[in-house]
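K.L.:
kindly return the folded structure for what I paste below:
(chains A and B)
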Amino acid sequence: MKNIIEKVNSFYNKNIFKVKRRLLGKHSSDGLVYKVIMYFLLIVLGFVFVYPLIYMFSISLMSNIDLVDNTIRWIPSKLDFINYRLTMVALDIPKSYFVSIFIAGISTLCVMFSSAFIGYGLARHRIPFKKTIFAIMIFSFIMPKTLFFIPTYQIFTMLRIKGTLSAILVPALTGQGLNGAFFILIFFQFFRMIPKQLEESAIIDGANKFQIFYKIAVPLAIPAFIITGVYGFSLYWSETFLLGIYLDGNYTTITMLLNNLQDNYGTMIWSSGLDSARQSNLSFTESKLFAGTLLSIIPLMIMYIFVQKWFVESIDKSGITGE
Amino acid sequence: MNSLIKQNRRMTHKKREMYSGLIFIFPWIIGVLTFIAYPLFRTIYFSFNNVQYSGELGFIYNWVGFENYHRILRIDVDFILEIQNFIIKTITFVPVVIAISIIIAMLLNSKLKGTSFFRLIFFLPIIILNGQLLQNIKNNGGMSIKVGGIVFNIIEKIVPYYMTEAILLLFQMVSEIMWYSGVPILIFLAALQKVDKSIYEAAQIDGASSWNIFWKITLPEIYPLISVTIVFVIVFLANFGDNSINELIISARTNPSRREGYASALAILYAIIQTILVITLYFIFKKREKGVM
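P.N.:
Numbering: from 1, shown residues only, chains lettered A, B, ... in the order given. Below is the predicted model:
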């Protein structure tokens, strides 16, 4: 009898060790329990992140009758893209897509070019008052954008470029675009990491500074170009206030149209001669609003899916975290 | 003689380097003068004037001294209210954003499979977030996670009843706060990936617990970045389209009783308060750095 108990005990002891090891791991970071907790946290936090998007998508598919129906919470009674079809007209898609892509694209190209140029100048040269320059940059980064827009608007009026593309491209080319200082600092970090020997050997080969810049420095800073490209594009895509004022309404991007979606929608319904009083599904509700909101960010999301791999890799390589 | 030539050559080389450097930053100097220095001077000038606009004469300025500031701070209430909201929002959001982004950055930095998929999700707000989008979602209940019956019951059972309200409020804000943490997560993740892996291994061999590893290795490693990230978050919140102070300033510009002068005074006060916030929070976290190290 005693023998059996001992046997059971030793068997138990042997196996509890194995189980323990499987659950908790050799170190604290490879056990099953640890993994379960980590995945649980990731999934919960990830859900909280995408919840607003899921919610918007689900509502945007609902008809106005579904919205007031208490029994329907997530899944609409029937699949219908009428909200999207209506808001697409109100948001002037695809024309507004093209305007947005054009404005954001061309400004981002200018920002990329100027930030690389200026960042290189700061990183690879001995320049007097460098500290002052950085102080001014940080100052211009911290200042709210509402501080400068009234005089800037007057400058543009004086130069007669108000309402033209130059009103956006001139600041972008002089390093004063949206978040200009931030992008210059990113390029500065990258160019600072280039070994001096590369530059020196190029000088011996007879290259001048500009040749060094675009033959050696620029190819080495491709991650910075990707970061600036992606983030800058999304900043210009989302900006409505400064673009609206400086462009004086000559170009309407999709985000500007989204800002007045309700008015645009009303005008559209009115001019199309449909009677929104009779057809309950035509009146403006949050399902229309959400459909429009999603439509305004779909191009960004598509871009993000395509570039995210490079984007993340570039961040890994970047010197964002150096000081 | 030889050394003199050498010295001379070095001097010219230095000078040449300086000149080519100045050529590179020349666009920036022009930009600062036209889009920062001159506008700043003009804004300050406007704020002491009563600005009017007429079709024939253009802008007319009447010097009024501190009247605009007096009206904002003593007579009108809207700016004071908005700035209080902004300060409270910033002070409460910033620590939560920082804490959440450190946690998420650490989760993403672990060796688990599938973190690249989660990265995709956590970086998404960086790309898509804008003021109108957030307002649309928030005003229609998309940002507040609806706490279902079961979860609500659990919360009610565990938490004392006077705290349930606060926790439910947190659920309402949590998505919004998290959407602000896109860039901070990115910054912390980049910092964590730079930490030498062998330090962790050595600590594990020495028998340090994960808790100790976090406080003694991970946190000191990323601490210097916290103050930088705070500056970024405050600037982001201040310039964000959802911020109603900016709307106040913009609408003041075209309001006949206020016009450019009043709007400029508003913008200057806002800039000053924002700078004070940035500097205070920056140095609060900068100071403690020495303690942790």
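
K.L.:
dump the residue contacts of the closest residue to residue A:88 other than its chain neighbours.
P.N.:
The shortest distance from residue A:88 to any non-neighbouring residue, by Cβ to Cβ, 6 or more residues apart in numbering or on different chains, is to residue A:295 (6.4 Å). Where C-beta positions appear, they are placed from N, C-alpha and C, glycine not excepted. Neighbour list for residue A:295: A:84, A:87, A:88, A:91, A:93, A:254 [criterion: Cβ atoms under 8 Å, 6 or more residues apart in numbering or on different chains].

K.L.:
from those residues, which ones fall inside strands?
P.N.:
Using DSSP state E, no member of those falls in strands.

K.L.:
is the residue nearest to residue A:88 within a helix or a strand, and which one?
P.N.:
helix A:286-317 (DSSP states H and E).

K.L.:
average model confidence for that helix?
P.N.:
The average pLDDT within helix A:286-317 is 86.

K.L.:
then stretch A:175-192?
P.N.:
Here the average pLDDT along stretch A:175-192 is 89.

K.L.:
and it, which residues are buried?
P.N.:
A:175-191 (16 or more other Cβ atoms under 10 Å in any protein chain shown).

K.L.:
show me the shaky parts of the chain.
P.N.:
Let's take chain A. Across chain A, the ranges flagged by pLDDT under 70 are A:1, A:17, A:21-30, A:274-278, A:318-323.

K.L.:
meant chain B actually
P.N.:
B:1-11, B:55-57, B:146-152, B:287-293.

K.L.:
so what secondary structure elements neighbour the top helix by length along it?
P.N.:
When chain B is parsed with DSSP state H, its longest helix is helix B:259-292. Secondary-structure packing of helix B:259-292 (3 or more Cβ pairs under 8 Å, 6 or more residues apart in numbering or on different chains; DSSP states H and E): helix A:130-142, helix A:149-158, helix B:38-47, strand B:49-54, helix B:67-70, helix B:78-109, helix B:219-239, helix B:244-254.

K.L.:
quick one: that helix to strand B:49-54, angle?
P.N.:
Counting by axes from the mean of the first three to the mean of the last three Cα atoms, to 10 degrees, helix B:259-292 lies at 140 degrees to strand B:49-54.

K.L.:
now do helix B:259-292: distance to the chain's middle.
P.N.:
11 Å (Cα atoms, centre = their mean, to the nearest Å).

K.L.:
would you mark the buried spots in that helix?
P.N.:
Buried residues in helix B:259-292, counting neighbours by 16+ other Cβ under 10 Å, are found at B:259-271, B:273-274, B:277-278, B:281-282, B:285.

K.L.:
how about residue B:129, nearest residue that isn't a chain neighbour?
P.N.:
residue B:179 is the one closest to residue B:129 (Cβ to Cβ, 6+ apart), at 5.7 Å.

K.L.:
what number of residues lie near the one you found?
P.N.:
By the criterion of other Cβ atoms under 10 Å in any protein chain shown, residue B:179 has 21 neighbours.

K.L.:
can you check residue A:271 too?
P.N.:
That count, for residue A:271 with other Cβ under 10 Å as the rule, works out to 8.

K.L.:
which of the contacts of residue A:295 sits closest to chain B?
P.N.:
Using Cβ to the nearest Cβ, residue A:254 is the member of these that sits closest to chain B, with 10.5 Å.

K.L.:
tell me the contacts of the residue lying closest to the closest one once chain neighbours are set aside?
P.N.:
Nearest residue to residue A:254 in three dimensions, chain neighbours excluded: residue A:96, at 4.2 Å (Cβ to Cβ, 6+ apart). With contact set as Cβ under 8 Å, 6+ apart, residue A:96 has these partners: A:252, A:253, A:254, A:257.

K.L.:
can I get these in a markdown table with neighbour count?
P.N.:
A markdown table is the format used below for those (neighbours: other Cβ atoms under 10 Å in any protein chain shown):
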| residue | neighbour count |
| --- | --- |
| A:252 | 22 |
| A:253 | 26 |
| A:254 | 28 |
| A:257 | 24 |
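
K.L.:
taking those residues, tell me the two that lie furthest apart.
P.N.:
Every pair in the contacts of residue A:96 was compared (Cβ to Cβ); the two farthest apart turn out to be A:252 and A:254, at 8.2 Å.

K.L.:
shared neighbours, the two?
P.N.:
Counting by Cβ under 8 Å, 6+ apart, the residues touching both residue A:252 and residue A:254 are A:92, A:96, A:99.

K.L.:
nearest to chain B, of these?
P.N.:
Out of the shared contacts of residue A:252 and residue A:254, the member with the shortest distance to chain B (by Cβ to the nearest Cβ) is residue A:96, at 13.9 Å.

K.L.:
which SSE is the closest one in?
P.N.:
helix A:95-123.
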